[in-house]
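[1] Starting from these lines, generate the structure:
(chains A and B, ligands or ions: 5)
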There are 2 protein chains.
Amino acid sequence: MPSGKKLRPLFVQVHPHDTVAIIVNEGGLPAGTEFDSGLKLIEDIPEAHKVALVDMPAGAPILRYGSVIGYAEYPIARGSWVHEERMRLPVAPSLDNLPHATAVPAPMPPIEGYTFDGFVNDDGSVGTKNILGITTTVQCVAATVDFAVKRIKAEILPRYPNVDDVIALTHNYGCGVAIDAPGAEIPIRTLRNLSLNPNLGGAPMVVSLGCEKLQPVRLLPNSTLPILAAEPYVVRMQDEEHHSFGDMVASIMQLAEKRLAELNRRTRVTRPASDLVVGLQCGGSDAFSGVTANPAVGYASDLLVRAGATVMFSEVTEVRDAIHLLTARAADEQVARDLVREMAWYDAYLDRGGVDRSANPTPGNKKGGLTNIVEKALGSTAKAGTSAIAGVFGPGERVTKKGLIFAATPASDFICGTLQLAASMNMHVFTTGRGTPYGLAMCPVIKVASRSALAERWSDLIDLDAGSIATGDATIEQVGTQLFQLILDVASGRKQTRADQWGLHNDLALFNPAPVT
Amino acid sequence: MPSGKKLRPLFVQVHPHDTVAIIVNEGGLPAGTEFDSGLKLIEDIPEAHKVALVDMPAGAPILRYGSVIGYAEYPIARGSWVHEERMRLPVAPSLDNLPHATAVPAPMPPIEGYTFDGFVNDDGSVGTKNILGITTTVQCVAATVDFAVKRIKAEILPRYPNVDDVIALTHNYGCGVAIDAPGAEIPIRTLRNLSLNPNLGGAPMVVSLGCEKLQPVRLLPNSTLPILAAEPYVVRMQDEEHHSFGDMVASIMQLAEKRLAELNRRTRVTRPASDLVVGLQCGGSDAFSGVTANPAVGYASDLLVRAGATVMFSEVTEVRDAIHLLTARAADEQVARDLVREMAWYDAYLDRGGVDRSANPTPGNKKGGLTNIVEKALGSTAKAGTSAIAGVFGPGERVTKKGLIFAATPASDFICGTLQLAASMNMHVFTTGRGTPYGLAMCPVIKVASRSALAERWSDLIDLDAGSIATGDATIEQVGTQLFQLILDVASGRKQTRADQWGLHNDLALFNPAPVT
Ligand SMILES: [Ca+2]
Ligand SMILES: [Ca+2]
Ligand SMILES: [Ca+2]
Ligand SMILES: [Ca+2]
Ligand SMILES: [Ca+2]
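    Ligands and ions are numbered 1, 2, ... in the order given. Have a look, this model is predicted:
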């Protein structure tokens, strides 16, 4: 819906059986509006909100995406606004007796010849950036490392032009935490696998305090890495050799320079698209997300899978209500069981905290027409395209499989992004309806808008507009193909994302389900 | 123990009934060493670790600070090393049948005439710095606000010389969280009260995204503040008036300049020491912390209470094992009950997470001679001096009483610091044995070392050396009085802390006991 031109009244009905559709026109439509189909609004309905396509008695199922997103609380007349207070939330699908691998999609024909230019690491992973990452074991050293990084960027980095950036992997973990509690393996393996992200060259440099709970050897055991070897990449601030703050900063800078010299010897080489590890996420979603941006991302996801890449979708609370559709799509019985395991873990986690998955939607989601978590889930899973689900990984685990992967994470934008980085993501695609100035330092983020009005208003923040799908000015295939090409261009360093142009980089946010002490 | 001079063999016995003492000499002492008292070591004992003063049969109580810190696991001979594997942890004192206000210390004689130069706020609170704080409702806006703050500091702040700093109050909360879960009031009120910290001039400026769960009106309801009034101090990034990222940044900078002009009109005025709100904390503790730094802080704490100030001690898991001593010291029955309430809340919180208070001590604590949480707790509470406990506040609550206050927080250094800032702290005292380069942007942090070797080695990070107490070169009273004077000097801007000299400022760390979604 390009904001310049006046549209005729339009709604989007996703599935032929749907009993609701969403209003496309910017600013919404007034009571009395008639559509080409003959439907007439009997009250004002805001943009992106739902209109009843049929008369519904109290208790009638309300269908969107061909699925039940709720039940009519009262009788709802055709042409009226279907909003939160008129709908009852369905119960979440039980995790028992789900269909397991009963509707496995046939493999799509592979596509060949798609490549990008990346940095090859010793472990076989491929970076889309060439970054020196400085891992911290504990929050206590964060301010010192930030101090050192500022100096490294000003004084040393300019001499190493093949290196893109120097970043401190700072966080609130490492001490003052119950490090042996159930669930503590999640933040620990997240930090470990963040250090091993392909964009950091595959060989971490670590700054430790000395007395912290998360010791370097626990963060990065010998089996995972060459630290604590002859020439360890560890600076320990409490070491006797440091006789001042200046000494500590000098040690960090010296080690950084050594790493920078190594990283600087690398240049981009042409690699098959199968070396991409693309993380998908949505944030600030609206009712358009599920009909424009997310299906376009789903189309790109299918292309990536056909090209042999790894594509991750995540956000447990946003797939929980569509789990019956996902277990059916699981490539095999084990994948289906792993999906159920992650849902059950999260159900229990929320339950311990006294809530359930209905805590997910935001005021912005609701203002954007997303009534509840079921509707949000059905729209959110559209990002995952139509492939079989090839594997499931827990929060913070490194993904080691190709194809469409469910990487279990909370839906919280930066926690999800952080966990996908740990999963070894080298490209991030983020869809948004309400708009969010999202960026990550470790990996390029392509932001896709669900509405053209947002893409135009935030033209210097949004990378791709999927809003034209709602007005019929572009197809899902067209926008999806455009996104696929943009991913290859950005991964190659040929194009820069808006977030990278501005240097908009949000902090890492660890998922720690265990208590602090 | 000044590292230059060779000491005769020394140990510190805190209480006449103690059955263990700690080794003072740097580097520890070898088997065969004889002390003036006639005690002879029968094995090597590291510095700060415990020596048995008497023969103990298996099961004998081990006494330090006059209290039981454990039980002998095996028979322990006089002169041998008493370490973790030879001690059994006592059970935590039951929260039922504790002595309530049974040993209330008599009020100490007030001291008069002590003042500092501070910035008076409209709400009556007094700042020790004059800072523009920019509050964020949600993590999504953090990178944008960081971007704007960099420009404000470079382009605008130099024109307002009476303002010390501009800081972004960024955090990982605000969306993707279960905002109505039990416990969610903690991070919300923490953010609210951080915005109202005396050092931020008492009138917050807020940057919001628009669609987040934590809406500005929920963060700072009208009752707490003048926002959403005729000229609200809120920038909302998704507002239609912002047609680009540049527009958002410009809005933030414009509002910031308005606030800077107001803050710049303030100058320091002489105020009584009773306007101080001093937060006490320890981090990276060792066995000396409880005999040097913490008792010196305790002496300063008593002076501050006598001068009418507010002094907060915190760190629930580090007072839990000394709770019977604290409830007895409570000023009245209600304070004792409030102490028990906070302990019970934290016991339940840890229990939900599958751990207990024994998860607190770190490898560094243990290397520093602190065997378990009981020993750590007895040393930690020494910071609180000897006054009656006048009040108890929950995590993130604003403290509104004078005298010695228990402000309940986790012991995690930056979470505790953040919660004490929310409690309205305008001066922070931090004791350390192992050494940690701790700093906060919102408030000066005075770092006190428990050992002279650390104070000398980290001379450009430590503000005060309490190690001379262990060698008998200074008394607790002398170091405590020195600290009291240093607090007044730093609060007045006459002296600068090491952390502020370097600009070492750790990020805020919120305490969110509720789930993320
Ligand atoms: Ca989402
Ligand atoms: Ca998300
Ligand atoms: Ca402590
Ligand atoms: Ca602490
Ligand atoms: Ca930061």
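
[2] So out of everything in the stretch 251-400 of chain A, what residue is nearest ligand 2?
    Across the stretch 251-400 of chain A, the shortest distance to ligand 2 (C-beta to the ion) belongs to residue A:283, at 4.1 Å. (Glycine included, C-beta is placed from N, CA and C.)

[3] I'd guessed that residue sits against residue A:428; true?
    No - at 11.2 Å, residue A:283 does not count as touching residue A:428 under the criterion of C-beta atoms under 8 Å.

[4] Which of the helices or strands spans residue A:392?
    strand A:389-393 (DSSP states H and E).

[5] for residue A:429, that is, sorry about that
    Using DSSP H and E, residue A:429 sits in strand A:427-432.

[6] before we move on, what about residue A:286?
    Using DSSP H and E, no helix or strand contains residue A:286.

[7] With residue A:446 instead?
    strand A:445-449.

[8] between that strand and strand A:427-432, how big is the angle?
    30 degrees (axes from the mean of the first three to the mean of the last three C-alpha atoms, to 10 degrees).

[9] ok now strand A:445-449, how far from the chain's centre?
    11 Å (C-alpha atoms, centre = their mean, to the nearest Å).

[10] coming back round to it: neighbouring strands - and their directions - for the helix or strand following the strand holding residue A:392?
    Next helix or strand after strand A:389-393 toward the C-terminus (DSSP H and E): strand A:403-407. The strands beside strand A:403-407 in its sheet (DSSP bridges) come out as strand A:310-313 (parallel), strand A:389-393 (parallel).

[11] tell me the mean pLDDT for strand A:403-407?
    Throughout strand A:403-407, pLDDT has a mean value of 98.

[12] and it, anywhere near ligand 2?
    No - Strand A:403-407 is not in contact with ligand 2 by C-beta under 5 Å from the ion; minimum separation 12.6 Å.

[13] So which residues make contact with that strand?
    Strand A:403-407 is contacted from outside by A:279, A:301, A:305, A:310-314, A:319, A:326, A:331, A:338-339, A:342, A:384-385, A:387-393, A:395, A:397, A:399, A:419-420, A:423, using C-beta atoms under 8 Å, 6 or more residues apart in numbering or on different chains.

[14] Apply 7 Å and report the result again.
    Contact partners of strand A:403-407, identified using C-beta atoms under 7 Å, 6 or more residues apart in numbering or on different chains, comprise A:301, A:305, A:310-314, A:339, A:384-385, A:387-393, A:399, A:419-420, A:423.

[15] Can you identify the element that follows it toward the C-terminus?
    Downstream of strand A:403-407 (by DSSP H and E), the next one is helix A:413-422.

[16] Can you list the neighbours in contact with stretch A:14-26?
    So stretch A:14-26 is contacted by A:1, A:3, A:7, A:9-13, A:29, A:45, A:47-54, A:56, A:62-66, A:82, A:287, A:291, A:369, A:453, A:470-471 (C-beta under 7 Å, 6+ apart).

[17] Mind checking which of those residues land in strands?
    Of these, the ones assigned to strands by DSSP state E are A:11-12, A:50-52, A:62-64, A:82.

[18] show me what contacts the closest residue to ligand 1 within the stretch 151-300 of chain A?
    Using C-beta to the ion, the single residue of the stretch 151-300 of chain A nearest to ligand 1 is residue A:282, 3.8 Å away. Residues near residue A:282 by C-beta under 7 Å, 6+ apart: A:289, A:294, A:380, A:383, A:431-432.
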